[in-house]
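# build me a model:
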Amino acid sequence: MTRSDRTSGGRRRTVGVAAAAILLAALLPGTASGQEPEPDPRIDLGPGWLDAQSASSNLELLAHRDRPAGFVNPANPGDFGYAGTDLAFGGDHAFIGNFNGFTIYDISQPANPTLVTSVVCPGGQGDLSVHGNLLFMSVEESRGRLDCGTDASVGTRFQGVRVFDISDVTNPAQVAAVQTCRGSHTHTLVTDPDDGANVYVYVSGTSGVRPVSTMAGCNNTSAAGEDPARWRIDVIKVPVAAPEQAAVVSGPRLFTDPETGAVDGLQNTPPAPRHPSGGSWSPSPVTDACHDITAYPDLGLAAGACEGNGILIDISDPANPVRIDEVSDPNFAYWHSATFNNDGTKVVFTDEWGGGTAARCRSTDQPQWGANAIFDIVDRKLRFASYHKLPVPQTLQENCVAHNGSLVPVPGRDILAQAWYQGGISLLDFTDSANPREIGYFDRGPISPTSLVLGGFWSAYWYNGQVFGSEIARGFDVFGLKPSQHLSAAEIAAASEVRLPEFNAQHQTRITWAPSFAVARARFDQLARTCTSTVSGRHTGPLTVTGVTCLTGATVDGPVSVRPGAALLALDSSISGPVSASNAVAVHLHRSAVRGPVSITGTRGSVAIVQTEISGPAVLTSNRTGTVEPIVADSTVRGPLGCTGNSPAPINLGAANTVRGPAAGQCASLD
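Numbering: from 1, shown residues only. Take a look at the predicted model:
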């Protein structure tokens with residue numbers, strides 16, 4: 001953990017030392033010595049606009065870029081008219097939204113991002129998505145003009161979704177502009193696995209209904225009236241080859257009561273007159289629109305954060321989404337965003353209590369207010385698992401509440417990089433949905449020492465090896481992940497091997513990991529965190545493995561037998577005798593020596609023999625390890641190597657083994 005200042009010239013100086021603990025005392029188990037944990041370094045950070053003090057743990061700031069001219073009001077850094085907003089990525093470029101337009105950075109060298117161009121196009125909120133050579137931009141304010149003009153008193157009004165051609169990133173050109181009755185606060189890019197010729201855009205409009213003088217057919221009627229413009233989303237179909245033909249094709253009523261047919265069938269009033277804190281709801285949790293909808297087309301699902309409700313949506317027919325489940329929560333003021341885990345078995349909803357402009361991470365705020373709510377998805381139904389709130393209080397001068405994030409693709413784990421406005425960026429491990437925990441952070445002090453000036457991280461997203469952050473008042477940041485007890489170097493390397501052609505926060509794609517040494521070692525590191533017994537010195541005599549036994553720099557003078565349901569993890573160790581495993585959960589031998597034969601049969605988790613010397617035959621039989629291939633790589637077998645009945649078949653990661661005897665069966669090609 002570090003805590004630092006940044007001078008006006010950009011130089012940073014360390015003002016603190018590593019702390020023994022990063023979480024609040026109330027969230028930590030007691031220590032054996034009874035010693036109180038050290039204060040969290042984020043507490044009482046010094047203020048400043050571009051020179052605030054900062055603190056970090058397991059995240060390293062690689063680069064910062066201030067907002068360019070035309071996208072900042074120097075007299076008022078928190079001016080909402082120039083607020084930095086959401087991010088999207090395509091190839092080597094980051095696209096940063098702003099209430100006054102958008103900017104594009106070249107991030108081919110992440111530690112040195114360079115500004116490519118800025119496009120002034122007022123209208124707020126400016127959220128962006130990218131698909132190939134197309135960029136989509138949300139516009140919700142009445143000052144928006146069809147032609148991106150800056151004088152709101154003239155010109156044709158525009159509220160909806162703009163479409164830009166970005167085939168030349170130095171000169172984006174608007175090719176379509178689709179008007180909607182409530183504008184576009186946010187939008188969701190939805191692809192159809194069966195139709196690559198078109199993409200769909202789900203429009204979430206949360207502003208008031210436009211007058212018919214600016215758009216015909218916008219009915220600001222009650223739910224019982226004729227075709228009300230509220231209580232729906234708009235679906236735009238965009239032909240990829242002819243984006244100028246983009247048009248609204250449906251207006252799904254996702255909130256309809258299935259029994260009565262009433263379009264306002266979800267939450268219409270707050271669950272109580274006052275928020276549980278005693279204050280106003282701010283904003284009120286009614287449901288006449290969605291704020292964010294996150295689509296996962298590979299699963300045919302979407303999760304909607306819809307003001308007063310969280311909903312699960314079937315998007316197998318992208319033009320006609322259908323609600324399949326809904327939940328509410330008396331603690332939630334405003335269901336704001338949603339993120340699935342990679343398997344689609346969980347979803348994290350955020351609550352933007354206070355609308356993002358208020359201090360909602362005070363020491364008096366309960367952990368279920370302005371927090372995440374984590375749900376398991378069971379049989380296409382949402383099942384509440386837990387809350388998670390930023391585990392350190394922020395000052396009254398800092399707007400802070402749960403906001404936008406994305407998955408960090410560590411194989412075998414569910415990790416979210418998440419923005420908390422002036423609460424900074426937090427890394428959340430929700431692999432255990434009932435017991436989420438913070439494993440890293442970056443935070444700056446408030447913009448002003450005396451008053452709340454709007455600022456902080458709007459979003460924090462992982463993309464191709466780094467975490468990128470968009471600060472409302474300060475600009476663009478790039479972070480690298482740092483190894484720690486919570487996240488190993490191999491896990492970071494395995495995540496960095498995932499390369500995406502593009503990324504949009506509200507459009508999730510299934511992430512897969514190609515077999516590699518980093519992925520194999522990441523699995524080892526994850527299992528090692530569950531060790532029930534550890535041997536790091538000499539063990540004389542036979543060793544029977546139960547639970548999860550870890551050999552770390554150990555010497556075992558005798559045979560090792562792995563019992564059914566147990567796991568053996570050996571690193572930099574020596575075993576004088578045979579190793580046998582039958583129906584184990586996992587067997588990993590890394591950089592070790594076995595002076596005897598190795599027999600591994602019936603393993604159901606993972607098997608890896610990497611950079612290991614075996615003085616005798618090695619046999620792998622009937623290991624059923626699902627999608628995880630058994631690995632025998634860069635090892636020496638002083639005897640035959642035989643593999644039969646393994647599913648999937650063993651691989652060597654392109655690193656041939658030295659086999660003194662015949663290599664047979666499924667391992668015939670691994671030498």
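# all helices of this protein, in order?
489-496, 517-528 (DSSP state H).
# turn those into CSV, including mean pLDDT and mean neighbour count.
C-beta coordinates here come from the backbone N, C-alpha and C atoms, glycine included. Output for these, formatted as CSV (pLDDT from 0 to 100; neighbours: other C-beta atoms under 10 Å):
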stretch, mean pLDDT, mean neighbour count
helix 489-496, 98, 21
helix 517-528, 97, 22
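# closest one to Ala177 among those helices?
Closest approach to Ala177 among those is made by helix 489-496 (37.6 Å; C-beta to C-beta).
# just want the angle from that closest one to helix 517-528.
Angle, helix 489-496 to helix 517-528, by axes from the mean of the first three to the mean of the last three C-alpha atoms, to 10 degrees: 130 degrees.
# please name every helix or strand in contact with helix 489-496.
Under the contact definition 3 or more C-beta pairs under 8 Å, 6 or more residues apart in numbering; DSSP states H and E, helix 489-496 sits against helix 517-528.
# name the helices or strands packed onto the helix it packs on?
Applying 3+ C-beta pairs under 8 Å, 6+ apart, one finds that helix 517-528 contacts helix 489-496, strand 567-571, strand 586-590, strand 606-610, strand 631-633.
# could I get those as TSV with distance to Thr256?
Below are the helices and strands packed on helix 517-528 laid out as TSV (distance: least, C-beta to C-beta, whole Å):
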stretch	distance to Thr256
helix 489-496	41
strand 567-571	50
strand 586-590	48
strand 606-610	46
strand 631-633	51
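# any weak-confidence spans in the stretch 551-671 of the chain?
For the stretch 551-671 of the chain, no stretch is flagged by pLDDT under 70.
# same deal with the chain?
For the chain, applying pLDDT under 70 flags the ranges 1-36.
# find the centremost residue of it, please.
In the chain, the centroid-proximal residue (C-alpha atoms, centre = their mean) is Ser406; its distance is 1.8 Å.
# now the strands: where do they sit in the stretch 251-400 of the chain?
292-296, 301-306, 309-314, 322-327, 335-340, 346-351, 372-378, 381-388 (DSSP state E, counting those that start in this stretch).
# one more: the stretch 401-550 of the chain?
Under the criterion DSSP E, counting those that start in this stretch, the stretch 401-550 of the chain contains strands at 405-408, 415-419, 425-429, 437-444, 457-463, 466-471, 475-481, 502-504, 533-535, 538-540, 543-545, 548-552.
# okay if I get the ones you listed as a markdown table plus distance to Leu653?
Below are those laid out as a markdown table (distance: least, C-beta to C-beta, whole Å):
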| stretch | distance to Leu653 |
| --- | --- |
| strand 405-408 | 23 |
| strand 415-419 | 24 |
| strand 425-429 | 27 |
| strand 437-444 | 28 |
| strand 457-463 | 24 |
| strand 466-471 | 25 |
| strand 475-481 | 23 |
| strand 502-504 | 27 |
| strand 533-535 | 27 |
| strand 538-540 | 30 |
| strand 543-545 | 25 |
| strand 548-552 | 22 |
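# how far away is Asp314 from Thr357?
34 Å (C-beta to C-beta, to the nearest Å).
# same deal with His507?
Using C-beta to C-beta, His507 is found at 27 Å from Thr357.
# between these two, tell me which one has more neighbours.
Taking other C-beta atoms under 10 Å, His507 and Thr357 do not tie; His507 has more neighbours (23 against 15).
# the more buried one: what's it in contact with?
Each residue near His507 by C-beta atoms under 8 Å, 6 or more residues apart in numbering is listed here: 129, 188-191, 294-295, 297.
# for Gln366, state which of those residues is nearest.
Using C-beta to C-beta, those come closest to Gln366 at Thr294, 26.0 Å.
# quick one on the thing from earlier: so can I have a markdown table of the strands of the stretch 251-400 of the chain showing distance to Ile492?
Below are the strands of the stretch 251-400 of the chain laid out as a markdown table (distance: least, C-beta to C-beta, whole Å):
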| stretch | distance to Ile492 |
| --- | --- |
| strand 292-296 | 25 |
| strand 301-306 | 27 |
| strand 309-314 | 31 |
| strand 322-327 | 34 |
| strand 335-340 | 20 |
| strand 346-351 | 21 |
| strand 372-378 | 23 |
| strand 381-388 | 22 |
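# just say which of the ones you listed is most tucked in.
Comparing the strands of the stretch 251-400 of the chain by mean neighbour count (mean count of other C-beta atoms under 10 Å), strand 301-306 comes out on top with a mean of 29.
# partner strands of it, parallel or antiparallel?
Paired strands of strand 301-306, with direction, are strand 292-296 (antiparallel), strand 309-314 (antiparallel) (DSSP bridges).
# compute the inter-axis angle for it and strand 335-340.
Using the same axes, to 10 degrees: strand 301-306 against strand 335-340 is 160 degrees.
# show residues contacting strand 301-306.
Contacts for strand 301-306 (C-beta under 8 Å, 6+ apart): 188, 190, 202, 254-255, 266, 287, 289-296, 310-315, 321, 323, 335-340, 344, 347, 349-350, 377, 380.
# give me the buried stretch members for stretch 628-636, please.
Neighbour counts over stretch 628-636 (16 or more other C-beta atoms under 10 Å) mark 628-635 as buried.
# quick check: end-to-end length of stretch 230-241?
This stretch, stretch 230-241, spans 31 Å end to end (C-alpha to C-alpha, to the nearest Å).
# distance to Ser599 added to the helices of the chain, as TSV?
Shown next, in TSV, are these (distance: least, C-beta to C-beta, whole Å):
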stretch	distance to Ser599
helix 489-496	27
helix 517-528	20
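# nearest to Gly155 among the helices and strands packed on helix 517-528 would be which one?
Between Gly155 and those, the shortest gap by C-beta to C-beta is with helix 489-496, which sits at 46.0 Å.
# from what I can see Ser363 touches Pro393, true?
Yes. Using C-beta atoms under 8 Å, Ser363 is in contact with Pro393, at 4.0 Å.
# out of those two, which sits in the busier spot?
When Ser363 and Pro393 are compared for neighbours, Pro393 comes out ahead with 18 against 10, by other C-beta under 10 Å.
# residues contacting that one?
Counting by C-beta under 8 Å, 6+ apart, Pro393 touches 24, 43, 361-363, 365.
# so which of those residues is the closest to Val467?
The nearest member of those to Val467, counting by C-beta to C-beta, is Cys361 at 20.1 Å.
# just to revisit the earlier point, okay, the strands paired with strand 301-306 in TSV with distance to Ala216 next?
TSV is the format used below for the strands paired with strand 301-306 (distance: least, C-beta to C-beta, whole Å):
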stretch	distance to Ala216
strand 292-296	26
strand 309-314	29
